[in-house]
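Visitor: can you look at this prediction? I've put the sequence above it.
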Amino acid sequence: KEHPDCDFTFLVGSDQVEQFHKWKEADALARLVKFAAVARDGRSPRTKYPIHYIHMDPVPVSSTEIRRGNRLNYVPQALLDYFYANRLYCKEFVQSRVPQHRYMHSLSVARLTEQFATAAGLDANQAWLTGLFHDVCKAMPADRMRPWLEAVCPQELTMHPAAWHSYVGAQVTDRVFGIHDPRISNAIFHHVKGTSDDPLAMCVFCADKLDPLRGYDSYDLIDLCCRDLKAGFEKCRETNREYVDSHRKDAVWTN
Ligand SMILES: [Fe+2]
Ligand SMILES: [Fe+2]
């Protein structure tokens, strides 16, 4: 009724063609609605209903794999953009790549990054994505990260391997997951050391350090970040510097 000029077709899988007669009031539906089915693997089951077949080249990837964030090169960019704008499957993409405790941390950082960004008048969804993906490469073995670093930022190879996941994560978020947002890449790149003063980068740096799941009382600093992001950022950097200095000489933030 809302779109009287549109000619709608209802798409179903070819498996549904075979059992279309089991649909509730199938005869009436077939009269009221135009149906079309995608023929899978060249199969187009016969039916008495007027279901039109759409033939397409087989795609060697399942929707389950796509939902886990694998082989996203088969997904058109416009669709990926839609996923990210609407937070569809994003959590699953991260969950499939990190252990459970890291996934819980990622969700928590996503929420806190969004909270800081909203308080600072920044884009909430951009912040949520940044927080969610900031540690997406945390569980990647060093020997798999090394080629990424060599190709993209060889100067960072001198850094402690515990910090590599930030540099590689920035690349993987862009190139593998198709989140083509230079501010998100920049924020992830700098999240370990807090070396960017872009407001989004400040948000995720602070959220990462102040994640309530870390188990210490970070309430005051969280409150400060909401009221004054820059002041909270400086305080977080200072606190971390003290922490690093009080530990091993070559210690780095590995969050
Ligand atoms: Fe991290
Ligand atoms: Fe983290």
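Guide: Noted; the coordinates are in hand. Numbers count the residues shown, from 1 in each chain. Ligands and ions are numbered 1, 2, ... in the order given.

Visitor: hey, let's count contacts and neighbours off CA atoms from now on
Guide: Fine.

Visitor: backbone dihedrals for residue 10, both of them.
Guide: phi -100, psi 120 (degrees, to the nearest 10).

Visitor: identify the bridge partners of it.
Guide: Under the criterion DSSP bridges, residue 10 forms beta bridges with residue 35.

Visitor: any idea which element the residue lying closest to residue 131 once chain neighbours are set aside lies in?
Guide: Spatial nearest neighbour of residue 131, excluding adjacent residues (CA to CA, 6 or more residues apart in numbering): residue 110 at 3.8 Å. Under the criterion of DSSP states H and E, residue 110 resides in helix 100-119.

Visitor: helices or strands up against that helix?
Guide: helix 90-95, helix 124-133, helix 199-210, helix 219-227 (3 or more CA pairs under 8 Å, 6 or more residues apart in numbering; DSSP states H and E).

Visitor: wasn't residue 17 part of a strand?
Guide: No: counting by DSSP: H, G, I helix; E, B strand; the rest coil, residue 17 is not part of a strand but helix.

Visitor: model confidence at the residue nearest to residue 131, what's the number?
Guide: Residue 110 is assigned 98 on the pLDDT scale.

Visitor: need the contact list for it.
Guide: Shown in contact with residue 110 (CA atoms under 8 Å, 6 or more residues apart in numbering): 127-132, 207.

Visitor: is it possible to get a markdown table of these that adds distance to residue 181, pLDDT and neighbour count?
Guide: Conversion of these to a markdown table gives the following (distance: CA to CA, whole Å; pLDDT from 0 to 100; neighbours: other CA atoms under 10 Å):
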| residue | distance to residue 181 | pLDDT | neighbour count |
| --- | --- | --- | --- |
| 127 | 11 | 98 | 27 |
| 128 | 13 | 98 | 25 |
| 129 | 10 | 98 | 25 |
| 130 | 10 | 98 | 31 |
| 131 | 14 | 98 | 32 |
| 132 | 14 | 98 | 27 |
| 207 | 20 | 98 | 28 |
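
Visitor: tell me how this protein divides into domains.
Guide: Following automatic domain parsing, one finds the domains of the chain at 10-55, 64-246.

Visitor: so which of these is the most surrounded?
Guide: Across these, averaging neighbours per residue (mean count of other CA atoms under 10 Å) puts domain 64-246 on top, at a mean of 18.
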